[in-house]
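Asker: no sequence on hand, only this structure:
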């Protein structure tokens, strides 16, 4: 064994240093952003509605890197059926086969109160959630998982730390075992309440970053942006936020 001089980095460390300098903290990676944009556009353009809804889709690793065959796994006929189904407020789309599920928000009235179940919560909640059912029938070792919501998960309900409708733990349960290169939580627009000045840019970013086990990304007409940056003045996902 080669003796190590005190204060001198071992040879293996010297060999690794250039790699560390090149990759830095981004080594964990994220899903391919250009590919993600094509997948989200394929679903939105052919199966989505121009209002709040959420979907979850599973695809092969190769498709999440190069989505030229995305229509093989998310065919136009199925997306057309999904669009027809989720046109109704409160609807769920959970077919017996296929690689996608979807939800709209739902109004719930009880004896004591009236509230809205958000579409992300409706996909993720419960031990037999729509996402769990989707993964049970389609997810394998070489799969990726994408969860999309039209509006960003809200800071006052979905991401509120003590709220009954908090989706943070549910999201962790669904995504924590998957490599960052093969998962994404995507939104298109910032939720309307979170655009108000009462929610600061710092507040909103801190709420988003409670989703620790999945990369949060924004995909809109400007492409897909990673929301990981901690500086609220330079995080491109906050575009349009005062």
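Answerer: Cool, got the structure. Predicted model only: the values in this text are computed from it and were never measured. Numbering: from 1, shown residues only.
Asker: what residue is smack in the middle of the protein?
Answerer: residue 185 (0.5 Å; C-alpha atoms, centre = their mean).
Asker: return the residues in contact with the closest residue to that residue other than its chain neighbours.
Answerer: Leaving out its chain neighbours, the residue that sits closest to residue 185 by C-beta to C-beta, 6 or more residues apart in numbering is residue 214, at 4.6 Å. Yep, even glycine has a C-beta here, placed from its N, CA and C like the rest. By C-beta atoms under 8 Å, 6 or more residues apart in numbering, residue 214 lies in contact with 147, 171, 172, 174, 175, 176, 178, 183, 184, 185.
Asker: following element in sequence after the helix or strand hosting the residue nearest to the centre of the chain, please.
Answerer: Assessed by DSSP states H and E, residue 185 sits inside strand 183-189. The helix or strand immediately downstream of strand 183-189 is helix 201-208, counting by DSSP H and E.
Asker: quick one: residues in contact with that next one.
Answerer: 152-153, 155, 159-160, 190, 194, 216, 227, 230, 232-233, 235, 237-238, 241-242.
Asker: what does stretch 168-179 give?
Answerer: By C-beta under 8 Å, 6+ apart, the list of residues contacting stretch 168-179 reads 29, 121, 124-125, 129, 131-132, 135, 144-145, 147, 159, 161, 183, 185, 210-214.
Asker: in strands only, show me these.
Answerer: When DSSP state E is applied, the contacts of stretch 168-179 are split such that 144, 145, 147, 183, 185 fall in strands.
Asker: in TSV: those, plus pLDDT.
Answerer: Shown next, in TSV, are the ones in strands among the contacts of stretch 168-179 (pLDDT from 0 to 100):
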residue	pLDDT
144	98
145	98
147	98
183	98
185	98
